[in-house]
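Peer 1: Predicted model follows, preceded by the sequence.
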Amino acid sequence: MIRAPWGPLCAAALALVAPRVWGQGAAAEAAYQEGKQYLATGRFSEAEDAFSKVLSWVAPQQASLRAGALFGRAIAVQQRALSGGDSGTAAPLSQITADYGEARQLDSATYYAAASANTAILLRRAGRHEEALAGFRNAAATTHPARAYFLLRAAQEWETLERWDSAAAYYERALTAQPGYPEARRGLLELHLRRGDPGRVVALAAKWSMEPEHVAPVSDALLAVLARPEVRAAVLDSALLQLARNDAAASLGPDHFERARRAPLQQVSELHAPLRQGVRALLDAYRRPGPDEALRPVAEPPWWTTSLARRRVWSATLRSLGDWYNRAGAPHQAARFYEAALGLPGSGVYTDWVDLDALTPLAVIYAEASGGGAEAQQAMLDGFIMMLFEGKAAAYQKDDMRRVREFHMALGTIYARRGQWVGSPRGAIFQLEHMRRATLRLFGQTGQRLVDPPELLESLVQGYLATNRTDAARRLAAEVAEQYRRLGIEEGAARMERVARGQNGG
Amino acid sequence: MRPDVALEFELRGPDYERRLRQHRLQARQELQDTLRAILQTGFGFLTWTPSPVRDTVLIELFQQRAVPQHGCLRVSLRGTLTLPDTSMCPVVFEKWIEIMSRVDSMQWEPDTLRRKWGGRLESVLRTVAGQLVEDRLGRLPLNAHVELTLASLQAHLAVRPSDINAAPDPRGLEFRLRVVLRDPQPPNPTIDRNAELWFGRCLPHATEDDYVCDITVVIHKGDTLKAGDQAVRQLLLRARFDSLRLHLKRYQPATIAVGRGGLVGPAGGPP
């Protein structure tokens, strides 16, 4: 089985397969083990000698041990050649091919794939690409754990031979053998670039961009498409949109953008007049303000507002930058980006293109804003209330109960921390009760049984107690005690049991 | 060749602490071991040792102070090179709602968390791998010889893909050579102690299987210069370079482990 990408490296893979030893094989077996040790420690000439001894001692019918020694000797000599040689005698390279060939015949179940591929590597280095291709294809016809790698190497040989369709087919086969194989994805993207098929690159990029952890080669390929003068306008447009979308999904920050994107995008801007406005708007949005620079307004660039697709990407970009500034501890700058992502002031959050992920963090920034005088605070509070109404309405309108629940959860927490229990909607009880309703509706929609966090439900109990709704508090407290118990938080369970028994103001 | 680094993992935050309770230390230890395995495979140009060494990579999983208290991930470096990360939440690891929605103690067992978070950590680290290599982990120098051929703007690096566990296709690789650049040009000879040469478009060397790369960019006196420009070429040809330290700038790990030169063993992996 092929090792999963990034899975733990299997140390045992260092070992050659231990062949069965027959008759007088004790000395041969000892030499074989010695050869393996030398091989593992990079003493290739000693390994070669040890395996040669095995071959001189072992009887022809002891096929398994003989095959192991032949393979060991070939790989020792091949590795010595690759590492620039070491002390000791050097066997001619032609011996490698012969040893691999015999090992493959003697014990094909064990050595066929590896011997074929390793011989192919030798042939490739000698410029004998047709033969190398055959070797990799033979190796790939087995169930060897590195089958996807053999297919990749075969694809590269097809590419060297300028057999583009076959190369593409083999990259695809490598991806079938190991879905998501990054080297095969990169190879296929580069192949389409080489063949002058940027449309195909952009199509693959769109398909593979769903996995943020694999977007690096995709973004490289998109930049390469954008750097070409002959590409059609529609393809360029799609490439820029996909690149910006990927950068937003990967939370690319201004610092990394500066290093990885600014220079190539500036060249794109010079090369393609129709993209110029859009690229410049991106460069401007990602520019980090200097330490003494005033808060930047976020403009609405015309290029990004001329289609729904562009608007969506632009909104996601601004939301992602808002997240970045928020995480960097610059909430006021973050708020500017969130507001722009939501189309505020202006079209508002009802429109189809806004990235609603900007809502909750913006609401929190508004709610927690302090300083700036009473007037400024009131303005923030007004903004917060507006967010609440618009966000909730937008989420309900789209029947997005997951977001509705998340929204009520964050707001309920903020109000509870302020001890602001009453008020509809500006109160913890209202928000937390609606969180519970959203949880139930979500269950109705998805069948997924979610449980509200006991800490938030305890806040609701406190709210009931503070507003003299004792019966409601006691009923809920019994429920919360059970949840705390399931989490193993005994002190919380005890606290809620006291309320349920009426021993805490009840 | 590969610098040694130790790994330290920290886990903190009110909800994490409340829910993990007495399991916190065990969870921390198990996740540290899981992380080391992930990093060894994804950032195999470093040797991730379990014992303390001069350089340590600190990975912190912590909750944001403000609501919503998302779980954030921060990676910093300390030792011979100290590179802290001062962002309040460099990368969101999991949303607060996810933390709060794990309401069964079974979901907070260290082994359950290790499985759940292991996959997530792998995915998050892979997503930010480019930034991590450039800003943090690639700042630790590789111990490798570099031979510059300035007339042809090429560099021969004594680094093989298997030395740094890199993908066989070198197109995803870039290196950075930090140097002291002495420009003897009269009347004002200068010394730039923070100069850099960037290497890209790497290919395997014809006989030795290590990398031959183009010198693509020169960082001199804070300016980023194209190596191919005439004035820059002249600068490179007359300058002297000392204190060469080779770093990775971009990196693509090998997905399927193979040995030197791409050789494979009969059971898979390096021979």
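Peer 2: Yep, that arrived.
Peer 1: Quick one: neighbours of the residue of the stretch 351-500 of chain A found nearest chain B, just the number.
Peer 2: Of all residues in the stretch 351-500 of chain A, the one sitting closest to chain B is residue A:453 (3.7 Å; CB to the nearest CB). Heads up, the C-betas are built off the backbone N, CA and C, glycines and all. Neighbourhood size, residue A:453 [other CB atoms under 10 Å in any protein chain shown]: 24.
Peer 1: and it, what does it touch?
Peer 2: Each residue near residue A:453 by CB atoms under 8 Å, 6 or more residues apart in numbering or on different chains is listed here: A:409, B:100-101, B:103.
Peer 1: lowest-pLDDT helix or strand in chain B?
Peer 2: Least confident helix or strand of chain B, by mean pLDDT, DSSP states H and E, is helix B:96-101 with a mean of 85.
Peer 1: so residue B:212 bridges to which residues?
Peer 2: Residue B:212 has these beta-bridge partners by DSSP bridges: residue B:156, residue B:203.
Peer 1: isn't it right up against residue B:155?
Peer 2: Yes - contact criterion CB atoms under 8 Å: residue B:212 and residue B:155 qualify, at 7.3 Å.
Peer 1: how much space between the residue lying farthest from the centre of chain B and chain A?
Peer 2: Computed with CA atoms, centre = their mean, the residue of chain B farthest from its C-alpha average is residue B:187, at 40.8 Å. As judged by CB to the nearest CB, to the nearest Å, residue B:187 and chain A stand 33 Å apart.
Peer 1: so residue B:148 makes contact with residue B:179?
Peer 2: No - applying CB under 8 Å as the test, residue B:148 and residue B:179 come out as separate, 9.3 Å apart.
Peer 1: Overlap of the contact sets of these two?
Peer 2: B:197, B:241.
Peer 1: Which one of those two is surrounded by more residues?
Peer 2: In this comparison of residue B:148 against residue B:179, neighbours counted by other CB under 10 Å, the higher total goes to residue B:179 at 25 against 18.
Peer 1: Can you check what pLDDT the model gives the residue nearest to residue A:164 when sequence neighbours are not counted?
Peer 2: For residue A:164, ignoring the flanking residues on the chain, the nearest one in space by CB to CB, 6 or more residues apart in numbering or on different chains is residue A:195 at 5.2 Å. Residue A:195 carries a pLDDT score of 90 in this model.
Peer 1: what about residue A:195, neighbour count?
Peer 2: Counted with other CB under 10 Å, residues neighbouring residue A:195 total 16.
Peer 1: Please apply the same query to residue B:188.
Peer 2: 6.
Peer 1: before we move on, what about residue A:501?
Peer 2: 13.
Peer 1: so who does it touch?
Peer 2: Counting by CB under 8 Å, 6+ apart, residue A:501 touches residue A:474.
Peer 1: is it true that the residue nearest to residue A:164 touches residue A:162?
Peer 2: No - with contact defined as CB under 8 Å, residue A:195 does not reach residue A:162; the gap is 9.8 Å.
Peer 1: got any residues that touch both of those two?
Peer 2: With CB under 8 Å, 6+ apart, residue A:195 and residue A:162 have no common neighbours.
Peer 1: Could you list the low-pLDDT ranges of the chain?
Peer 2: Reading this off chain A. For chain A, residues meeting the criterion pLDDT under 70 lie at A:1-25, A:83-93, A:297, A:346-350, A:367-374, A:376-378, A:380-385, A:387-388, A:504-506.
Peer 1: hmm, I had chain B in mind actually
Peer 2: Ranges of chain B meeting pLDDT under 70: B:67, B:206-208, B:269-270.
Peer 1: can you list the domain ranges for it.
Peer 2: Per the record, chain B has its domains at B:4-139, B:146-262, by automatic domain parsing.
Peer 1: First-to-last residue distance for the last one?
Peer 2: Using CA to CA, to the nearest Å, the span of domain B:146-262 from its first residue to its last is 22 Å.
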